[in-house]
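1. sequence unavailable; structure follows:
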């Protein structure tokens with residue numbers, strides 16, 4: 001990792017692993033029925049943090065956690081930890097290690113909703129989306145409070161929403177895509193003001209992230225669609241790299257954020273009106 005950063009000094013942040021609470025990316029999640037992945041991931045974070053900071057102290061080090069998980073070591077598929085349980089057990093491992101330095105500079109959390117039609121502020125019982133910001137902060141404070149690991153909102157530590165996104169229909173660009181659509185809840189790129197579309201969903205998501213004080217970043221996944229409809233079509237560009245109708249809305253909301261023109265009070269009114 002350090003040699004890679006030597007070669008590419010423009011890299012400002014490193015995400016360690018991807019969605020470590022899912023067996024799709026990290027195995028084993030459990031060993032003989034007992035939780036294993038959170039402690040192993042905490043150890044990896046500590047080792048990577050020290051290695052990176054030794055030669056590149058300005059590079060920010062991030063976690064990566066999925067919004068979903070089931071805490072069931074005997075599940076037929078998707079053996080995983082829910083984000084709340086994963087955070088709790090990572091915190092326990094950190095405390096037991098007696099480490100005297102932090103292991104992350106930003107908490108990287110993926111925040112996909114249950115569907116592309118679900119509003120960004122929707123709340124969940126177990127999953128973690130943008131609407132569960134307060135619960136995520138509570139988990140992190142319980143796990144890492146009063147340790148050498150600052151929680152988001154303390155010092156320079158923030159939450160980064162590493163992956164969010166809303167899949168769109170591909171309409172007239174269908175010839176540029178292969179296979180068949182697997183998501184029944186795609187939204188239009190731009191549509192009726194009364195119904196969710198990618199433009200309004202992304203605008204609301206970016207504004208909501210801005211209005212959550214401990215959040216430092218929001219990333220739309222992807223920039224351009226995957227060409228197979230079995231993949232992900234949440235880009236603001238079609239698979240041929242031409243802009244979707246939502247592209248200009250995304251540019252506008254980014255400009256709002258950069259110039260600090262986001263009206264959080266107005267966003268609250270919109271959330272209340274739409275049932276948030």
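-> That came in fine, so what should we check first? In this text, all values refer to a predicted model and were calculated from it rather than measured experimentally.

2. which stretches in the stretch 1-150 of the chain count as strands?
-> 13-15, 30-31, 34-35, 60-62, 106-110 (DSSP state E, counting those that start in this stretch).

3. ok, the stretch 151-276 of the chain next?
-> For the stretch 151-276 of the chain, the strands defined by DSSP E, counting those that start in this stretch cover 158-164, 215-220.

4. deepest of those strands, which one?
-> Ranked by mean neighbour count, the strands of the stretch 151-276 of the chain are led by strand 158-164 with a mean of 24 (mean count of other Cβ atoms under 10 Å). Yep, even glycine has a C-beta here, placed from its N, CA and C like the rest.

5. mean confidence score for that strand?
-> Strand 158-164 comes out with an average pLDDT of 98.

6. tell me what that strand is packed against?
-> The contact analysis (3 or more Cβ pairs under 8 Å, 6 or more residues apart in numbering; DSSP states H and E) places strand 158-164 against strand 106-110, helix 133-144, strand 215-220.

7. quick one: the shortest one to strand 215-220, angle?
-> Which is strand 106-110. Angle of strand 106-110 versus strand 215-220, following axes from the mean of the first three to the mean of the last three Cα atoms, to 10 degrees, is 30 degrees.

8. okay if I get the strands of the stretch 151-276 of the chain as a markdown table plus distance to residue 206?
-> Converted to a markdown table, these look like this (distance: least, Cβ to Cβ, whole Å):
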| stretch | distance to residue 206 |
| --- | --- |
| strand 158-164 | 9 |
| strand 215-220 | 6 |
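
9. and of those, who's closest to residue 96?
-> Set against residue 96 and scored by Cβ to Cβ, these come closest in strand 158-164, at 24.3 Å.

10. who does that closest one pair up with?
-> Its sheet considered, strand 158-164 pairs with strand 106-110 (parallel), strand 215-220 (parallel) by DSSP bridges.

11. residues in contact with that strand: which ones?
-> 15, 62, 64, 106-112, 120, 130, 133, 136-137, 152, 205, 209, 212, 214-221 (Cβ atoms under 8 Å, 6 or more residues apart in numbering).

12. please redo it, this time with the cut-off set to 6 Å
-> By Cβ atoms under 6 Å, 6 or more residues apart in numbering, the surrounding residues in contact with strand 158-164 are 106-108, 110-111, 152, 205, 209, 214-219, 221.

13. circling back to that earlier point, just the strands of the stretch 1-150 of the chain: most buried one?
-> Comparing those by mean neighbour count (mean count of other Cβ under 10 Å), strand 106-110 ranks first with a mean of 25.

14. quick check, central residue of the chain?
-> residue 110 (2.0 Å; Cα atoms, centre = their mean).

15. which one of the strands of the stretch 1-150 of the chain lies closest to residue 262?
-> When the strands of the stretch 1-150 of the chain are compared by Cβ to Cβ, strand 106-110 sits nearest residue 262, at 20.3 Å.

16. so what's residue 107 up against?
-> Taking Cβ under 6 Å, 6+ apart, we find residue 107 in contact with 63, 152, 159.

17. could you check how far it is from residue 149?
-> With distances taken as Cβ to Cβ, to the nearest Å, residue 107 is found 10 Å from residue 149.

18. next one: residue 69
-> With distances taken as Cβ to Cβ, residue 69 is found 21 Å from residue 149.

19. ok, those two, which is more surrounded?
-> Using other Cβ atoms under 10 Å as the criterion, residue 69 and residue 149 rank with residue 69 on top: 26 against 23.

20. from residue 77, how far off is residue 229?
-> Relative to residue 77, and taking Cβ to Cβ, residue 229 is found at 22 Å.

21. look at these two and report which has more neighbours.
-> residue 229 (20 against 8).

22. gap between stretch 128-146 and the chain center?
-> Computed by Cα atoms, centre = their mean, to the nearest Å, the chain-centroid distance of stretch 128-146 equals 14 Å.

23. buried stuff in it?
-> Residues 128-133, 135-137, 139-141, 143-144 are the ones in stretch 128-146 that count as buried (16 or more other Cβ atoms under 10 Å).

24. which of those residues sit farthest apart?
-> Using Cβ to Cβ, these span at most 22.3 Å, a distance reached by 131 and 144.

25. what sits against residue 104?
-> Listed by Cβ under 6 Å, 6+ apart, the contact partners of residue 104 are 61, 63.

26. mind running it again at 8 Å?
-> Shown in contact with residue 104 (Cβ under 8 Å, 6+ apart): 45, 49, 61-63, 149, 157.
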